[in-house]
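In: With the sequence up front, the predicted model follows.
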Amino acid sequence: MKYSYLYTFLLLLLLLVDNSRSKLGARSSLRSGLISRGWRSGVGSNSQWDSTVNNVEQQQQFSPKHVKGLSQIKDYFSNFGFLVSSPPFNDFLNQETATAIKTYQQFFNLNPTADLTNETFHQISLPRCGVPDINLQYDVRSSSVSWPKAGNRWFSGKNLSYGFSPASEIPANATRLFRNAFLRWEKAVAGLNLTEARYDEADIRVGFYNLDEGVEDVVWGESVVRLQHGVATGEIRLDASKDWKLGGGNGSVLDLESAAMHHIGHLLGLDHSNVEDSVMYPYVLPSRQPKVELSNFDKATIRRVYSKGSCGYARGVLVRIIITFALAFAVVGL
(Lines give C-alpha, C1' and ligand atoms only; values in the text may rest on other atoms or scores of the structure.)
Protein backbone atom coordinates (compact mmCIF):
# COMPACT_ATOMS: atom_id res chain seq x y z
CA MET A 1 0.00 0.00 0.00
CA LYS A 2 2.78 2.43 0.87
CA TYR A 3 4.31 1.88 -2.59
CA SER A 4 1.04 2.83 -4.31
CA TYR A 5 1.11 6.15 -2.46
CA LEU A 6 4.70 6.65 -3.57
CA TYR A 7 3.87 5.91 -7.22
CA THR A 8 0.90 8.31 -7.06
CA PHE A 9 3.15 11.06 -5.64
CA LEU A 10 5.79 10.52 -8.35
CA LEU A 11 3.14 10.57 -11.09
CA LEU A 12 1.73 13.87 -9.83
CA LEU A 13 5.25 15.30 -9.62
CA LEU A 14 5.97 14.28 -13.22
CA LEU A 15 2.70 15.88 -14.37
CA LEU A 16 3.60 19.12 -12.62
CA VAL A 17 7.06 19.15 -14.21
CA ASP A 18 5.58 18.40 -17.62
CA ASN A 19 3.05 21.23 -17.27
CA SER A 20 5.78 23.67 -16.24
CA ARG A 21 7.64 22.92 -19.45
CA SER A 22 4.68 23.38 -21.80
CA LYS A 23 5.01 25.89 -24.64
CA LEU A 24 2.92 28.46 -26.48
CA GLY A 25 2.30 28.23 -30.23
CA ALA A 26 5.09 25.82 -30.98
CA ARG A 27 4.88 26.06 -27.17
CA SER A 28 1.31 25.11 -26.20
CA SER A 29 0.84 27.50 -23.26
CA LEU A 30 2.46 30.59 -21.80
CA ARG A 31 5.43 30.47 -19.44
CA SER A 32 4.15 31.98 -16.22
CA GLY A 33 7.43 33.46 -14.97
CA LEU A 34 7.86 35.32 -11.70
CA ILE A 35 7.63 39.08 -11.63
CA SER A 36 11.02 40.48 -10.74
CA ARG A 37 11.26 43.50 -8.49
CA GLY A 38 14.85 44.16 -9.52
CA TRP A 39 14.13 44.67 -13.22
CA ARG A 40 17.62 45.97 -14.08
CA SER A 41 19.54 43.49 -11.97
CA GLY A 42 20.91 41.36 -14.81
CA VAL A 43 23.87 41.89 -17.12
CA GLY A 44 22.03 40.77 -20.25
CA SER A 45 24.34 37.84 -20.96
CA ASN A 46 23.19 34.86 -22.99
CA SER A 47 26.36 32.81 -22.32
CA GLN A 48 24.47 29.52 -21.85
CA TRP A 49 22.95 29.73 -25.32
CA ASP A 50 26.26 30.94 -26.78
CA SER A 51 27.97 27.85 -25.35
CA THR A 52 25.34 25.57 -26.89
CA VAL A 53 25.71 27.18 -30.33
CA ASN A 54 29.53 27.12 -30.16
CA ASN A 55 29.64 23.45 -29.12
CA VAL A 56 27.33 22.37 -31.94
CA GLU A 57 29.25 24.46 -34.46
CA GLN A 58 32.59 22.93 -33.45
CA GLN A 59 31.32 19.33 -33.48
CA GLN A 60 29.48 19.58 -36.79
CA GLN A 61 32.68 19.43 -38.84
CA PHE A 62 33.49 15.96 -37.41
CA SER A 63 30.04 14.38 -37.67
CA PRO A 64 27.53 16.42 -39.68
CA LYS A 65 24.73 13.84 -39.22
CA HIS A 66 24.98 13.34 -35.46
CA VAL A 67 26.02 16.25 -33.28
CA LYS A 68 25.74 16.35 -29.51
CA GLY A 69 23.54 19.31 -28.58
CA LEU A 70 21.76 19.49 -31.97
CA SER A 71 18.50 18.73 -30.13
CA GLN A 72 18.67 22.19 -28.57
CA ILE A 73 19.16 23.79 -31.99
CA LYS A 74 16.09 21.88 -33.18
CA ASP A 75 14.22 23.19 -30.15
CA TYR A 76 15.18 26.70 -31.22
CA PHE A 77 13.79 26.23 -34.74
CA SER A 78 10.66 24.64 -33.28
CA ASN A 79 10.09 27.53 -30.87
CA PHE A 80 10.21 30.10 -33.65
CA GLY A 81 8.00 28.30 -36.14
CA PHE A 82 10.44 26.71 -38.59
CA LEU A 83 10.38 23.10 -37.37
CA VAL A 84 6.89 21.61 -37.26
CA SER A 85 7.76 18.73 -34.91
CA SER A 86 7.59 19.16 -31.15
CA PRO A 87 10.15 18.11 -28.53
CA PRO A 88 11.73 15.95 -27.32
CA PHE A 89 14.31 16.05 -30.10
CA ASN A 90 17.36 13.90 -30.82
CA ASP A 91 20.83 14.91 -32.04
CA PHE A 92 20.48 13.56 -35.60
CA LEU A 93 20.30 15.91 -38.57
CA ASN A 94 17.34 14.59 -40.60
CA GLN A 95 15.55 15.92 -43.70
CA GLU A 96 12.89 17.74 -41.69
CA THR A 97 15.57 19.65 -39.80
CA ALA A 98 17.43 20.48 -43.02
CA THR A 99 14.19 21.84 -44.50
CA ALA A 100 13.61 23.94 -41.37
CA ILE A 101 17.15 25.34 -41.57
CA LYS A 102 16.68 26.26 -45.23
CA THR A 103 13.32 27.94 -44.52
CA TYR A 104 14.95 29.92 -41.72
CA GLN A 105 17.83 30.96 -44.00
CA GLN A 106 15.42 32.08 -46.71
CA PHE A 107 13.31 34.08 -44.25
CA PHE A 108 16.34 36.00 -42.97
CA ASN A 109 17.97 36.44 -46.38
CA LEU A 110 20.86 34.07 -45.61
CA ASN A 111 22.44 31.71 -48.13
CA PRO A 112 19.84 28.87 -48.28
CA THR A 113 22.16 25.86 -48.05
CA ALA A 114 19.99 23.79 -45.66
CA ASP A 115 23.20 23.31 -43.66
CA LEU A 116 24.15 24.90 -40.34
CA THR A 117 26.59 27.41 -41.80
CA ASN A 118 28.71 29.88 -39.82
CA GLU A 119 26.33 32.60 -41.02
CA THR A 120 23.38 30.70 -39.58
CA PHE A 121 25.13 30.05 -36.26
CA HIS A 122 25.89 33.77 -36.02
CA GLN A 123 22.24 34.66 -36.62
CA ILE A 124 20.79 32.30 -34.01
CA SER A 125 23.31 33.60 -31.45
CA LEU A 126 21.75 37.07 -31.52
CA PRO A 127 19.27 38.23 -28.83
CA ARG A 128 15.74 38.12 -30.17
CA CYS A 129 11.99 38.47 -29.55
CA GLY A 130 10.21 35.38 -28.23
CA VAL A 131 7.29 35.56 -30.68
CA PRO A 132 7.62 32.96 -33.49
CA ASP A 133 8.56 34.23 -36.95
CA ILE A 134 6.23 31.98 -38.96
CA ASN A 135 3.47 29.39 -38.42
CA LEU A 136 2.00 31.30 -35.48
CA GLN A 137 -0.97 29.57 -33.88
CA TYR A 138 -3.75 31.98 -32.88
CA ASP A 139 -6.56 30.41 -30.87
CA VAL A 140 -7.11 32.63 -27.85
CA ARG A 141 -10.81 31.78 -27.70
CA SER A 142 -10.14 28.13 -26.86
CA SER A 143 -6.72 28.18 -25.18
CA SER A 144 -7.12 31.51 -23.30
CA VAL A 145 -3.61 32.64 -24.28
CA SER A 146 -2.00 33.06 -27.68
CA TRP A 147 0.69 34.80 -29.67
CA PRO A 148 -0.55 37.95 -31.42
CA LYS A 149 -0.96 37.24 -35.13
CA ALA A 150 -1.51 39.67 -37.98
CA GLY A 151 -4.94 39.21 -39.50
CA ASN A 152 -6.45 38.05 -36.19
CA ARG A 153 -7.56 41.19 -34.37
CA TRP A 154 -8.03 40.63 -30.64
CA PHE A 155 -9.65 44.07 -30.22
CA SER A 156 -12.22 46.08 -32.15
CA GLY A 157 -12.05 49.69 -33.28
CA LYS A 158 -9.05 51.99 -32.87
CA ASN A 159 -9.25 52.93 -29.19
CA LEU A 160 -6.83 51.13 -26.88
CA SER A 161 -5.52 51.81 -23.39
CA TYR A 162 -2.21 50.73 -21.85
CA GLY A 163 -0.94 50.39 -18.29
CA PHE A 164 2.19 49.43 -16.35
CA SER A 165 2.47 46.61 -13.81
CA PRO A 166 2.82 48.03 -10.26
CA ALA A 167 4.54 44.80 -9.19
CA SER A 168 7.36 45.38 -11.71
CA GLU A 169 8.16 48.77 -10.13
CA ILE A 170 9.01 50.31 -13.51
CA PRO A 171 10.75 53.66 -12.94
CA ALA A 172 9.34 56.90 -14.34
CA ASN A 173 12.07 57.35 -16.97
CA ALA A 174 11.22 53.88 -18.35
CA THR A 175 7.46 54.45 -18.50
CA ARG A 176 8.19 57.72 -20.31
CA LEU A 177 9.94 55.76 -23.07
CA PHE A 178 6.89 53.52 -23.43
CA ARG A 179 4.60 56.54 -23.70
CA ASN A 180 6.80 57.93 -26.46
CA ALA A 181 6.61 54.58 -28.27
CA PHE A 182 2.81 54.41 -28.01
CA LEU A 183 2.61 57.98 -29.33
CA ARG A 184 4.73 57.14 -32.39
CA TRP A 185 2.46 54.25 -33.33
CA GLU A 186 -0.61 56.40 -32.71
CA LYS A 187 0.66 59.03 -35.14
CA ALA A 188 1.31 56.39 -37.80
CA VAL A 189 -2.37 55.34 -38.09
CA ALA A 190 -5.17 57.80 -38.75
CA GLY A 191 -7.79 57.59 -36.02
CA LEU A 192 -5.76 55.33 -33.72
CA ASN A 193 -6.12 56.44 -30.10
CA LEU A 194 -3.75 55.03 -27.43
CA THR A 195 -4.27 56.32 -23.88
CA GLU A 196 -2.84 55.41 -20.48
CA ALA A 197 -5.02 53.68 -17.86
CA ARG A 198 -4.76 51.67 -14.66
CA TYR A 199 -2.91 48.39 -15.19
CA ASP A 200 -5.82 46.14 -14.26
CA GLU A 201 -8.16 48.09 -16.57
CA ALA A 202 -5.82 48.50 -19.55
CA ASP A 203 -6.13 46.76 -22.92
CA ILE A 204 -2.32 46.45 -23.21
CA ARG A 205 -0.41 45.61 -20.02
CA VAL A 206 3.34 46.11 -19.65
CA GLY A 207 5.47 44.18 -17.15
CA PHE A 208 8.92 42.70 -16.46
CA TYR A 209 9.31 38.98 -15.75
CA ASN A 210 11.98 36.27 -15.40
CA LEU A 211 11.81 34.62 -18.83
CA ASP A 212 15.11 32.70 -19.07
CA GLU A 213 14.44 29.03 -19.74
CA GLY A 214 16.66 26.92 -22.04
CA VAL A 215 16.37 28.45 -25.52
CA GLU A 216 14.70 31.40 -23.81
CA ASP A 217 18.16 32.42 -22.61
CA VAL A 218 18.46 34.31 -25.89
CA VAL A 219 14.98 35.87 -25.68
CA TRP A 220 14.59 39.39 -24.31
CA GLY A 221 10.80 39.68 -24.39
CA GLU A 222 7.50 38.53 -25.85
CA SER A 223 3.97 39.67 -26.63
CA VAL A 224 0.85 37.61 -25.92
CA VAL A 225 -2.92 37.95 -26.01
CA ARG A 226 -4.79 36.60 -22.98
CA LEU A 227 -8.51 35.93 -22.55
CA GLN A 228 -9.92 36.27 -19.03
CA HIS A 229 -13.62 36.32 -18.15
CA GLY A 230 -14.45 36.83 -21.82
CA VAL A 231 -12.22 39.92 -22.13
CA ALA A 232 -9.07 39.86 -24.30
CA THR A 233 -6.00 41.85 -23.27
CA GLY A 234 -2.55 42.21 -24.80
CA GLU A 235 0.59 41.78 -22.70
CA ILE A 236 4.12 43.02 -23.23
CA ARG A 237 6.42 40.80 -21.17
CA LEU A 238 10.07 41.87 -21.02
CA ASP A 239 12.88 39.93 -19.35
CA ALA A 240 13.77 41.47 -16.00
CA SER A 241 17.12 39.67 -15.91
CA LYS A 242 18.47 41.56 -18.93
CA ASP A 243 20.35 44.86 -18.68
CA TRP A 244 18.03 47.47 -20.16
CA LYS A 245 19.39 50.83 -21.23
CA LEU A 246 17.14 53.87 -21.32
CA GLY A 247 18.17 55.41 -24.63
CA GLY A 248 20.52 53.41 -26.85
CA GLY A 249 22.44 50.24 -26.13
CA ASN A 250 25.91 48.81 -26.46
CA GLY A 251 27.74 45.61 -25.56
CA SER A 252 25.28 43.33 -23.75
CA VAL A 253 22.88 46.20 -23.05
CA LEU A 254 19.44 46.27 -24.71
CA ASP A 255 17.56 49.41 -25.69
CA LEU A 256 14.23 49.56 -23.86
CA GLU A 257 12.49 51.99 -26.22
CA SER A 258 13.33 49.81 -29.23
CA ALA A 259 11.80 46.81 -27.42
CA ALA A 260 8.69 48.86 -26.64
CA MET A 261 8.26 49.84 -30.30
CA HIS A 262 8.62 46.22 -31.38
CA HIS A 263 6.06 44.73 -29.00
CA ILE A 264 3.49 47.48 -29.44
CA GLY A 265 3.72 46.70 -33.15
CA HIS A 266 2.90 43.05 -32.44
CA LEU A 267 -0.17 43.93 -30.40
CA LEU A 268 -1.38 46.41 -33.04
CA GLY A 269 -1.36 43.63 -35.64
CA LEU A 270 2.11 43.19 -37.15
CA ASP A 271 4.15 40.01 -37.54
CA HIS A 272 7.94 39.87 -37.70
CA SER A 273 9.71 41.43 -40.65
CA ASN A 274 12.93 40.26 -42.30
CA VAL A 275 13.79 43.87 -43.18
CA GLU A 276 16.67 44.79 -40.88
CA ASP A 277 15.80 48.47 -40.42
CA SER A 278 12.20 47.63 -39.48
CA VAL A 279 11.22 47.90 -35.81
CA MET A 280 9.54 44.51 -36.36
CA TYR A 281 12.84 42.76 -37.16
CA PRO A 282 13.03 40.13 -34.37
CA TYR A 283 16.78 40.24 -33.70
CA VAL A 284 18.97 42.77 -31.95
CA LEU A 285 21.79 43.37 -34.42
CA PRO A 286 25.44 43.37 -33.23
CA SER A 287 25.61 47.17 -33.59
CA ARG A 288 22.89 47.47 -30.89
CA GLN A 289 21.71 50.63 -32.63
CA PRO A 290 18.32 51.76 -31.27
CA LYS A 291 15.32 51.38 -33.58
CA VAL A 292 12.69 53.74 -32.23
CA GLU A 293 11.54 55.49 -35.40
CA LEU A 294 9.17 53.72 -37.76
CA SER A 295 10.75 52.97 -41.12
CA ASN A 296 8.84 53.61 -44.35
CA PHE A 297 8.27 49.85 -44.49
CA ASP A 298 6.72 49.88 -40.98
CA LYS A 299 4.43 52.80 -41.79
CA ALA A 300 3.25 51.24 -45.03
CA THR A 301 2.62 47.89 -43.33
CA ILE A 302 0.60 49.23 -40.37
CA ARG A 303 -1.45 51.51 -42.61
CA ARG A 304 -2.20 48.61 -44.93
CA VAL A 305 -3.38 46.53 -41.95
CA TYR A 306 -5.79 49.22 -40.79
CA SER A 307 -6.93 50.27 -44.25
CA LYS A 308 -8.01 46.67 -44.83
CA GLY A 309 -10.12 46.88 -41.69
CA SER A 310 -11.63 50.18 -42.85
CA CYS A 311 -12.37 48.82 -46.32
CA GLY A 312 -13.98 45.76 -44.81
CA TYR A 313 -16.17 47.95 -42.62
CA ALA A 314 -17.10 50.18 -45.56
CA ARG A 315 -18.02 47.17 -47.68
CA GLY A 316 -20.17 45.88 -44.84
CA VAL A 317 -22.01 49.21 -44.61
CA LEU A 318 -22.48 49.27 -48.40
CA VAL A 319 -23.90 45.75 -48.41
CA ARG A 320 -26.34 46.66 -45.64
CA ILE A 321 -27.48 49.75 -47.59
CA ILE A 322 -28.03 47.71 -50.76
CA ILE A 323 -30.01 45.07 -48.84
CA THR A 324 -32.13 47.78 -47.18
CA PHE A 325 -32.97 49.38 -50.55
CA ALA A 326 -33.70 45.99 -52.08
CA LEU A 327 -36.12 45.13 -49.28
CA ALA A 328 -37.75 48.55 -49.59
CA PHE A 329 -38.30 48.13 -53.32
CA ALA A 330 -39.60 44.63 -52.76
CA VAL A 331 -42.16 45.93 -50.24
CA VAL A 332 -43.21 48.74 -52.64
CA GLY A 333 -43.52 46.22 -55.43
CA LEU A 334 -45.81 44.13 -53.30
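Out: Ah, there it is.

In: For the protein, which residues score under the pLDDT cut-off?
Out: Counting by pLDDT under 70, the low-confidence segments of the chain come to 1-47, 59-64, 212-216, 247-252, 308-334.

In: What segments of it are helices?
Out: 2-20, 47-60, 70-79, 95-107, 118-124, 140-143, 172-188, 256-268, 296-333 (DSSP state H).

In: For the fifth one, which residues meet the burial criterion?
Out: Going by neighbour count (16 or more other C-beta atoms under 10 Å), the buried part of helix 118-124 is Thr120, Gln123, Ile124. C-betas here are computed from N, CA, C, even on glycine.

In: Those residues into CSV, with extra columns for distance to Pro286?
Out: CSV is the format used below for the buried residues of helix 118-124 (distance: C-beta to C-beta, whole Å):
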residue, distance to Pro286
Thr120, 15
Gln123, 11
Ile124, 13
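
In: isn't Asn135 right next to Leu83, touching?
Out: No: judged on C-beta atoms under 8 Å, Asn135 makes no contact with Leu83 at a distance of 9.4 Å.

In: quick one: which of the two has more around it?
Out: Between Asn135 and Leu83, counted using other C-beta atoms under 10 Å, Leu83 has the larger neighbour count: 24 against 14.

In: Relative to Glu57, how far out is the more buried one?
Out: For Leu83, the distance to Glu57 (C-beta to C-beta, to the nearest Å) stands at 18 Å.

In: Kindly report the same for Asp255.
Out: Counting by C-beta to C-beta, the gap from Asp255 to Glu57 is 28 Å.

In: Which of those two has more residues huddled nearby?
Out: Asp255 (22 against 19).

In: how many neighbours does Trp147 have?
Out: Neighbours of Trp147 using other C-beta under 10 Å come to 25.

In: check contacts around it.
Out: Leu24, Gly25, Val131, Pro132, Leu136, Gln137, Tyr138, Ser223, Val224, Val225 (C-beta atoms under 8 Å, 6 or more residues apart in numbering).

In: Just send the residues you listed back as CSV, with neighbour count and distance to Asn173 too.
Out: As requested, the contacts of Trp147 are exported to CSV (neighbours: other C-beta atoms under 10 Å; distance: C-beta to C-beta, whole Å):
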residue, neighbour count, distance to Asn173
Leu24, 21, 31
Gly25, 24, 33
Val131, 25, 26
Pro132, 23, 32
Leu136, 21, 33
Gln137, 16, 37
Tyr138, 16, 34
Ser223, 21, 22
Val224, 23, 26
Val225, 23, 28
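
In: Mind checking which of the residues you listed land in strands?
Out: Assigned to strands by DSSP state E, the following of the contacts of Trp147 qualify: Ser223, Val224, Val225.

In: contacting residues around the residue nearest to the first one when sequence neighbours are not counted?
Out: Just to be clear, that refers to Ser223. The shortest distance from Ser223 to any non-neighbouring residue, by C-beta to C-beta, 6 or more residues apart in numbering, is to His266 (3.9 Å). By C-beta under 8 Å, 6+ apart, the residues touching His266 are Cys129, Val131, Pro148, Ser223, Met280.
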